[in-house]
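**Q** My questions concern the predicted model and sequence given below.
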Amino acid sequence: MTVITALANQYYLYIRKDKKPIAWDIYDTKPPFEFSLTTYFAKVFQAIEKSSVISGLVFYVTWNEIDELPSYGQNVVVFVLGDEWYRIPKYAHKVRAVFKCVGTRSILGCNPLLHPSLLNLLTLIQFLRILVVGVPGWVNYHWHKFKNLALGKGQITPIYDIPLGYHNSKNLPIKNIESRLYDTYFSGSVIHREYPVWSLKSWLGTPKALSRKLMISTLNKFQQKHPQFKVELSITGGYHNRTSEDERSYCEIMMDTKICVVPRGTSFETTRLFEGMKYGCVLVTEALPSRWYLDGAPVIKINDWQELPGILKNLLENKELMAEMHNKSLNWWHDKCSEAVVGKYVIGKLNREFKGNLGVNLDPP
């Protein structure tokens, strides 16, 4: 492995087990292999380095590799950024700490019995699939947890939830909510991949696709009924198909947007939520999981996108409420989800759980 000596800790991008880890200079604006979230997490790691609190650790940053790592030990910390199956990594008991976007606990987010619909049925099926897929990791983790306690070795590594952050969010001057051009805005995909004709998904759809189709249909009807409001829609080919020009346009329009609608993706938690929050948009979302950085967040949650027209109209006709939600959104980003705060959270967890182990400095100099 190539060691980056300029840093107090070593950082590697680890794509999958059949590839070698790639040394990552977290200050490089163009990493050797760019996951969708490296811009945000590079700044998280920079905050860790700037603090000078921890040193001598090896950070593996992976997208969804939950089976193997290049090495293990009490100096290894893992960040899993893109596993939307909510799985517990098989190696969790062999490393110092695991930090995971999306987490390990899925939510149903609807009531298919009280509100029967194709969308809620598919959501239930997806939820059950996630539970089944997660069984091996859950059994493995709790077996090692029991074994450690039985042998008097203490508890094994907890798995910590962390926010997704943003894909690529420019640092733009915050615009006053009243002066923004767009009343509401959505840019994104409805179907990000084509399924073969024999797949049920090609006929029935997915929770993401059905939810977004309903949201877009509702927004179009809202604009027809209320032409005085400016609704901006841009349907793209997929999250990973954005060009750098798309990113600039997306950021600039988002900063010029009053209300950001946040439909679910494959999971309920999406980068759009944090991008809108960072820019001080008023956020309208579907169900959200219970996380330390989401509990109490200043968002408006809806059960059905058909509720959206009434919510939009009420918000846009209440300038005081819009200004209040705008400020709360900015403050929540700054206090709960910003790179510096997440970096401090990581340091705090490493300090609390593993302070005093030989070979790793976890105390301030």
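**A** Alright, I've got the coordinates.
**Q** And the biggest helix by length in the chain, what's buried?
**A** In the chain, taking DSSP state H as the definition, the longest helix is helix 118-150. Across helix 118-150, burial judged by 16 or more other Cβ atoms under 10 Å covers 119-120, 122-124, 126-127, 130, 134, 137, 140-141, 144-145. C-beta coordinates here come from the backbone N, C-alpha and C atoms, glycine included.
**Q** Please apply the same query to stretch 66-83.
**A** Going by neighbour count (16+ other Cβ under 10 Å), the buried part of stretch 66-83 is 66, 69, 74-83.
**Q** Among those residues, which lie within strands?
**A** Members of the buried residues of stretch 66-83 lying in strands (criterion: DSSP state E): 74-80.
**Q** Residue 284: which of the residues you listed is nearest?
**A** The closest of those to residue 284 turns out to be residue 80 (Cβ to Cβ; 28.5 Å).
**Q** which residues does the closest one bridge with?
**A** Here residue 80 sits in beta bridges with residue 62, residue 100, going by DSSP bridges.
**Q** so it touches residue 89, yeah?
**A** Yes - contact criterion Cβ atoms under 8 Å: residue 80 and residue 89 qualify, at 6.5 Å.
**Q** Residues that sit against both of these two, list them.
**A** 66, 98, 100 (Cβ atoms under 8 Å, 6 or more residues apart in numbering).
**Q** residues near residue 151, how many?
**A** Neighbour count for residue 151, taken as other Cβ atoms under 10 Å: 8.
**Q** The one 5 residues further on too?
**A** Residue 156 is surrounded by 18 other residues when neighbours are defined as other Cβ under 10 Å.
**Q** try residue 301
**A** Per other Cβ under 10 Å, the neighbour tally for residue 301 reads 14.
**Q** now residue 16
**A** Around residue 16 there are 11 residues (other Cβ under 10 Å).
**Q** For residue 63, see how far away it is.
**A** Going from residue 16 to residue 63 by Cβ to Cβ, to the nearest Å gives 8 Å.
**Q** ditto for residue 42
**A** According to Cβ to Cβ, residue 42 and residue 63 sit 15 Å apart.
**Q** what does residue 148 give?
**A** 29 Å.
**Q** Please work out the average pLDDT along stretch 166-184.
**A** Averaged across stretch 166-184, pLDDT comes to 93.
**Q** Name the residues of it that are buried.
**A** Buried residues in stretch 166-184, counted by 16+ other Cβ under 10 Å: 166-169, 175, 177, 180, 182-184.
**Q** Repeat that for stretch 181-198.
**A** Buried, per 16+ other Cβ under 10 Å, within stretch 181-198: 182-192.
**Q** residues contacting the residue nearest to residue 337 when sequence neighbours are not counted?
**A** Leaving aside its sequence neighbours, residue 337 sits nearest to residue 163 (Cβ to Cβ, 6 or more residues apart in numbering; 4.8 Å). Contacts for residue 163 (Cβ under 8 Å, 6+ apart) come out as 101, 274, 291, 293-294, 336-337, 342.
**Q** and residue 345, what is it in contact with?
**A** 160, 162, 292.
**Q** I'd assumed it was in a helix, is it?
**A** Yes - checked against DSSP: H, G, I helix; E, B strand; the rest coil, residue 345 lies within a helix.
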